[in-house]
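# Give me a model of this one.
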Amino acid sequence: MYVEKIEGLFNMVTIENHLKWRVESIAHPYVDYVFSWAENHSIPVHGHCLFCPSYKHCPDWLRGLPPDEVYRSVISHIENYTREYRKVELHTGM
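Prediction:
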């Protein structure tokens, strides 16, 4: 099975697009599975990416908000993910 190959060949896994804010509601069950599996196998997760500095990859409701509300929403989004998955070592690229 592929997870056995991951354990034997890699020291980190990457969730490519599933952490993008725009697809969060659709991808959440898959993200839960990967984080749970990684936690059980002590494998860190590289999250790509929690926030992309483009409205193209953000929820539609974020557009048109004043800059201070956009900032608070982004920080809240990141805090929610890091709180929910705090037991897993999460690496994110900027």
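# middle-most residue in this structure, spatially?
Leu19 (3.2 Å; Cα atoms, centre = their mean).
# if I look at it, how far off is Val3?
Distance, Leu19 to Val3, by Cβ to Cβ, to the nearest Å: 19 Å. C-beta: built from backbone N, CA, C; applies to glycine.
# try Ser76
Ser76 is 32 Å from Val3, by Cβ to Cβ.
# Same question for Glu84.
Glu84 is 22 Å from Val3, by Cβ to Cβ.
# What's the local residue count around Glu24?
16 (other Cβ atoms under 10 Å).
# Next: His48.
His48 has 16 nearby residues by other Cβ under 10 Å.
# pretty sure it contacts Leu19?
Yes: counting by Cβ atoms under 8 Å, His48 touches Leu19, with 6.6 Å between them.
# so where is the protein shaky, pLDDT-wise?
87-94 (pLDDT under 70).
# And the helices in it, which stretches?
For the chain, the helices defined by DSSP state H occupy 2-9, 24-40, 67-84.
# Identify all contacting residues around the second one.
Spelled out, it's helix 24-40. Helix 24-40 is contacted by residues 3, 13, 15, 17-20, 43-45, 59, 85, 87-88 when judged by Cβ atoms under 8 Å, 6 or more residues apart in numbering.
# ok, of those, which come out buried?
Buried subset of the contacts of helix 24-40 (neighbour count, 16 or more other Cβ atoms under 10 Å): 13, 15, 18-20, 43, 45, 85, 88.
# Taking the residues you listed, tell me the two that lie furthest apart.
Lys20 and Ile43 (21.3 Å; Cβ to Cβ).
# so how far is Arg22 from Arg86?
Distance of Arg86 to Arg22, computed by Cβ to Cβ: 23 Å.
# Between the two, which is the more surrounded one?
Under the neighbour definition other Cβ under 10 Å, Arg86 and Arg22 were set side by side, and Arg22 has more, 16 against 9.
# which ones are touching that one?
57-59.
# Identify the residue spatially nearest to Tyr55, adjacent ones excluded.
Leaving aside its chain neighbours, Tyr55 sits nearest to Arg63 (5.3 Å; criterion: Cβ to Cβ, 6 or more residues apart in numbering).
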